[in-house]
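Novice: Give the three-dimensional model of this entry:
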Amino acid sequence: LKTLKHPSILKFLAYIKNSDEKWVITERVVPLETLIDKLSPTEICAGLYSVIEALAFLNDRGSICHNNICQTSIFVASDGTWKVGGLEYMRRFADVTGTFLQRTKDLRFKGAISPEEQVSLLYVSFASSLKFNFQAGDKCSTFEYRIREEFLNPDPKLRPKFNSLLQDPLFSDDYVSILNFLKKVTIKTEMEKKIFFSTVSEKLYSLPETTVATRLVHPLLSRFVLMDQNACELVIPHLLTPCKGAPDEINPLLTEDIFRRYVVPEIFKIFHVRDAHIRMVLLRHFADYVHLMTKSTLTTLFPQLLLGLRDCNDDLVAMTLHAVADLVPLMGGDIVIGAKRNRIFTEGTP
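Specialist: Residues are numbered from 1 along each chain as shown. Have a look, this model is predicted:
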């Protein structure tokens, strides 16, 4: 676990041992079993995709087999990503002997045991052992058929590479394709990114609002997306502008309540990033969302905002001054400017 580095494999942090107990510390996750009934079909498809990526990495690139794929060996991170864990029975192909399989057989999940348990080269079935109940129509039936006929072929040598499952029609869903592109945005070409960001907005509108908010807001506001000019022009304005009071040229993705709950916390964290371009992206839309922040949040954010006034970038300074002005009606002039103020102007209206 310590040496395996993959975004879909549970991340190892530390190992602690004392006289009585041993502890393995990982990234913060929750068991999939506790969430599976609350997930939508699209989220389950995306999760399966992550599991396949992890197993393909282990099998096809590392010559390693997991040997115990089931719901209890899968966990979910805070951003919704499924992580493969439960690596107690993981072994390199050369070490999967008949003795090992027989000794651990009663301890492993029965649905994860392949037909040729006595063969040293073990490819495990995961589709049948996960036993997810969700409707995906013919795509799901085709997927299950491929698992049964191709990946559980009695002759292991005739089984296709595990990563070929990533091209299955089951994963042609818009949500899965968007999520996977954003995860790999750093290795995409400029043309690929231009095409993606010019078409992704329509796909986002077709998805449930809560799915966009809970699963896609974080990757859409990642550093590499915010640094992309096409994203800043074609997607970010619609994401950083909540529905109420939006300009005519903006078609907001999220309502104010959803925006307040999911986008505002992300914006708060991004304001601590010391990058001029990213800060100006946030400031460009500041007036559209600042009213959704609580006074407590604004008070904490205010010192970070004021840093922009001390920068040598004149554009950043100008945008920061506009943002400071937007805070006056919300926080009060005494807090924004300072309490030591005098009346300079008189009211001349009758």
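Novice: By mean pLDDT, flag the weakest helix or strand of the chain.
Specialist: When the helices and strands of the chain are scored by mean pLDDT, DSSP states H and E, helix 127-130 comes last with a mean of 43.
Novice: Downstream of that helix, the next helix or strand is which one?
Specialist: For helix 127-130, the succeeding helix or strand toward the C-terminus, using DSSP states H and E, is helix 137-146.
Novice: starting at the chain centroid, how far to that following helix?
Specialist: Relative to the centre of its chain, helix 137-146 is centred 26 Å away, using CA atoms, centre = their mean, to the nearest Å.
Novice: Flag the shaky bits of the stretch 251-350 of the chain, pLDDT-wise.
Specialist: Within the stretch 251-350 of the chain, the set of residues satisfying pLDDT under 70 comprises 350.
Novice: For Ser198, which non-adjacent residue is closest in space?
Specialist: In this structure, Ser198 finds its nearest non-sequential neighbour in Leu234, 5.7 Å apart by CB to CB, 6 or more residues apart in numbering. Placement of C-beta: from N, CA and C, glycine included.
Novice: nope, Leu58 is what I meant
Specialist: Ile64 (4.4 Å).
Novice: The one you found and Leu55 touch, don't they?
Specialist: No. Counting by CB atoms under 8 Å, Ile64 stays clear of Leu55, with 9.4 Å between them.
Novice: which of these two has more neighbours?
Specialist: A direct count of neighbours by other CB atoms under 10 Å for Ile64 and Leu55 places Leu55 higher, at 23 against 19.
Novice: what's the distance between the more buried one and Pro41?
Specialist: If you measure Leu55 against Pro41 using CB to CB, to the nearest Å, the figure is 21 Å.
Novice: cool, and Arg91?
Specialist: Noted for Arg91: a distance of 33 Å to Pro41, by CB to CB.
Novice: same question, Asn251
Specialist: To Pro41, Asn251 is 26 Å away according to CB to CB.
Novice: Check Cys312 too.
Specialist: In this structure, Cys312 and Pro41 are separated by 51 Å, where distance is defined by CB to CB.
Novice: what does Leu221 give?
Specialist: Using CB to CB, Leu221 is found at 25 Å from Pro41.
Novice: for Asn68, same thing?
Specialist: Here the distance between Asn68 and Pro41 works out to 25 Å (CB to CB).
Novice: ok, back up a step: Cys312 and Pro41: which has the busier surroundings?
Specialist: When Cys312 is set against Pro41 and neighbours are counted by other CB under 10 Å, the residue ahead is Pro41, at 15 against 7.
Novice: Tell me the confidence at that one?
Specialist: Looking at Pro41, its pLDDT is 82.
Novice: Spell out for me which residue occupies the centre of this protein.
Specialist: Using CA atoms, centre = their mean, the residue of the chain that lies closest to the mean C-alpha position is Asp79, 4.5 Å off.
Novice: Surely Leu170 is in contact with Cys45?
Specialist: Yes. If you go by CB under 8 Å, Leu170 and Cys45 touch, sitting 6.1 Å apart.
Novice: in the stretch 51-200 of the chain, which spans are helices?
Specialist: Listed in chain order, the helices found in the stretch 51-200 of the chain under DSSP state H, counting those that start in this stretch are 98-104, 127-130, 137-146, 174-183, 190-206.
Novice: how about the strands in this structure?
Specialist: Counting by DSSP state E, the chain has strands at residues 12-17, 22-26, 29-31, 64-65, 74-77, 82-84, 91-92.
Novice: count of residues packed around Lys193?
Specialist: As a burial measure, Lys193 scores 18 neighbours (other CB under 10 Å).
Novice: Please tell me how far it sits from Lys183.
Specialist: Using CB to CB, we find Lys193 at a distance of 13 Å from Lys183.
Novice: Low-confidence stretches in the stretch 101-250 of the chain?
Specialist: Across the stretch 101-250 of the chain, the ranges flagged by pLDDT under 70 are 110-139, 244-248.
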